[in-house]
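Colleague: Quick one, what's the 3D model for this:
(2 chains)
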Amino acid sequence: MPDFSLPAAVPISWYLILSAVLFTLGIAGFLLRRSIITVFMSIELMLNAVNLTFVTFSYKLKAVDGHIFTFFVMVVAAAEAAVGLAIILTVFRNRSTLEIDEVNSLKL
Amino acid sequence: MPSIPLDAILFLVLAAIAVGSAINLVVQTHPINSALSLVGVMISLAVLYLLLGGEFIAAVQVIVYAGAIMVLFVFVIMLLNAGAERPRTRLSFSVAAGVPVLLAFLSAAAYFILKKVPPAEGVTFGGFTGGSPRAVGEALFTRYLLPFEVTSILILIAIIGAIVLAMKEID
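Modeller: As a prediction, this is how the structure comes out:
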């Protein structure tokens, strides 16, 4: 019979698997949803999952560098959110839609 | 008497909140529900950062992500009066092909993580204290000074870009 008692210290792999699950859910949202805003939020979810990996490895290596990279990812996410939401505003003003399938001018 | 494995319990509770909120983000059709689920993910991740010794990152996660970025999202959702998505009429190719591929991706990732990461090491609260604002600030202003300064240019470009995009119709 396997041992189901909880370990005293959380294994590093649990954190990494949580990060993988969140990243996969982010991809799922990116692929399956059709509202531009929800797609954009899925990207933020993926960035958060990657940040968790950075912080976990920072713990494992006992170095602060992972936190610095997380900080930079947050900065990029903030810049991306500002520009991306401005693009969404422009798309909505020109097309009056938030459905990603209807914004297909570049499609062959 | 064995001591209570508080680290593992906290991790499991927070991971359950994070994964549940992330699933809710994906399945909800209304963007505002997705946005609030994303806030749940970010808050639970902030507490996980705290367990991993990232005090500064946990605070920044709450202030910048859950605060500033999500307010921007909610603002745009309200401004555009975004409604619920129309339900899908038929099973699209992205669902039929994407879900199995994603499950395969997740299994492959979990396999390599369990295979490659040594199971002996564990995370305990307080095991790493190098994530204080002081340590982060020291690294940011010595070794990472150039990337930090480039970051400010990036933000400046983002501000100008957002203004240019948003004010197109004013003239």
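Colleague: who's in contact with the helix of greatest length in chain B?
Modeller: Longest helix in chain B by number of residues (criterion: DSSP state H): helix B:93-116. The list of residues contacting helix B:93-116 from outside it, by C-beta atoms under 8 Å, 6 or more residues apart in numbering or on different chains, reads A:13, A:16-17, A:20-21, A:23-24, A:27-28, A:31-32, B:88. Any C-beta I mention is one placed from the backbone N, CA and C, and that applies to glycine too.
Colleague: can you check stretch B:6-14 too?
Modeller: For stretch B:6-14, the surrounding residues in contact (C-beta under 8 Å, 6+ apart) are A:6-10, A:14-15, B:44, B:47-48, B:51, B:122-125.
Colleague: before we move on, the earlier item: where is pLDDT lowest across the contacts of helix B:93-116?
Modeller: When the contacts of helix B:93-116 are compared on pLDDT, residue B:88 comes out lowest, with 71.
Colleague: did I read that right, that one in a helix?
Modeller: No: secondary structure of residue B:88 (DSSP: H, G, I helix; E, B strand; the rest coil): coil, not part of a helix.
Colleague: I'd like to know how far the residue lying closest to it once chain neighbours are set aside sits from residue A:20.
Modeller: The shortest distance from residue B:88 to any residue other than its chain neighbours is 7.7 Å, reached at residue B:95 (C-beta to C-beta, 6 or more residues apart in numbering or on different chains). Distance check for residue B:95 against residue A:20: by C-beta to C-beta, to the nearest Å, it reads 21 Å.
Colleague: Now a ChimeraX select for only the buried ones of the contacts of helix B:93-116.
Modeller: Typed into ChimeraX, the line below selects the buried ones among these, using 16 or more other C-beta atoms under 10 Å in any protein chain shown:
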select /A:13,16,17,20,21,23,24,27,28,31,32
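Colleague: how about the contacts of helix B:93-116 in JSON lines, adding distance to residue B:132?
Modeller: Below are those laid out as JSON lines (distance: C-beta to C-beta, whole Å):
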{"residue": "A:13", "distance to residue B:132": "26"}
{"residue": "A:16", "distance to residue B:132": "24"}
{"residue": "A:17", "distance to residue B:132": "27"}
{"residue": "A:20", "distance to residue B:132": "28"}
{"residue": "A:21", "distance to residue B:132": "29"}
{"residue": "A:23", "distance to residue B:132": "28"}
{"residue": "A:24", "distance to residue B:132": "32"}
{"residue": "A:27", "distance to residue B:132": "34"}
{"residue": "A:28", "distance to residue B:132": "36"}
{"residue": "A:31", "distance to residue B:132": "39"}
{"residue": "A:32", "distance to residue B:132": "40"}
{"residue": "B:88", "distance to residue B:132": "48"}
